[in-house]
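Colleague: test case, fold it:
(one chain, ligands or ions: 2)
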Amino acid sequence: MQTQQTPLINPFGVELDLEKGLMRGAKNHLVRRASDMRGYYADAAALQRLIGEENDPVHYEVFEVPVPENYGHLMYCISTLRPGLVGQEYFMTKGHYHSIPNTAEIYLCLRGEGYMVMKTAEGKFATERMTRGRMVYVPPFWAHRSVNTGTSEPLVSFCAYPAEAGHNYGDIAVQGFPKRLFAKNGECVVA
Ligand code: PA5
Ligand code: NI
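Modeller: Ligands and ions are numbered 1, 2, ... in the order given. Purely as a prediction, here's the structure:
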């Protein structure tokens, strides 16, 4: 099978800007704006207002210097999620399972505050706090989404996972996660 072959590549280093939340020389730079998030938030009208009246703000960016997507390699990224609200719901990533479900991921939070929100296909649900210096282990089989619960700072994290894992958004786009994170009277409420 193709994924069992591990291409030999040369070692390399990458410069990160931990404050700005970016990876210099990134070949892949994913930008997701409010308009890419249709269907993901509880308050669709509030999302539409952001798109139409507030210039379709950026929600998050992902930077990668890619490696071969083969067994043996490790993919890694910088993920930078802006602060903000859609109605009362905090800005968040789409969330996904890995296409090869029995692959884990680690997230090291570099800046900001928020949560990693996780679920399994069998209905388990979990959240883990993300703050600077805290690492979250997302075990195999757990879908994962990050949520920025800060008021002004971006939530910046470094992630790493088996390079062949892939992203499976389909089921999250349809089913979502069992709970959402809302700002109520300045507090984060999971409901
Ligand atoms: O692989 C990961 O978990 C990250 O690189 C995410 O893809 C990134 O944080 C963006 O989230 P999503 O892919 O759910 O839009
Ligand atoms: Ni992932």
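Colleague: list the contacts of Gly112.
Modeller: Shown in contact with Gly112 (C-beta atoms under 8 Å, 6 or more residues apart in numbering): 81, 83, 130-132, 148, 150, 153-156. Where C-beta positions appear, they are placed from N, C-alpha and C, glycine not excepted.
Colleague: any idea how far it lies from ligand 1?
Modeller: Applying C-beta to the nearest ligand atom, to the nearest Å, the value for Gly112 to ligand 1 is 13 Å.
Colleague: for that residue, what are phi and psi?
Modeller: phi 90, psi -170 (degrees, to the nearest 10).
Colleague: could you report the pLDDT at it?
Modeller: If you check Gly112, the pLDDT there is 98.
Colleague: now Glu122
Modeller: Looking at Glu122, its pLDDT stands at 95.
Colleague: compute the distance between it and Phe141, please.
Modeller: Between Glu122 and Phe141 the distance is 9 Å, computed by C-beta to C-beta, to the nearest Å.
Colleague: okay, the two: which has more neighbours?
Modeller: Phe141 (17 against 6; other C-beta atoms under 10 Å).
Colleague: dump the one helix or strand in the chain whose mean pLDDT sits lowest to CSV, restricted to CA.
Modeller: When each helix and strand of the chain is scored by mean pLDDT, DSSP states H and E, helix 170-175 comes last, with a mean of 87. Output in CSV follows, covering the C-alpha atoms of helix 170-175 (Å, rounded to 0.1, in the frame of the first residue of the first chain):
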residue,chain,number,x,y,z
GLY,A,170,-18.2,15.4,6.4
ASP,A,171,-19.8,14.0,9.5
ILE,A,172,-19.0,17.2,11.5
ALA,A,173,-20.6,19.4,9.0
VAL,A,174,-23.8,17.3,9.2
GLN,A,175,-23.9,16.3,12.9
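Colleague: good, we can wrap up now.
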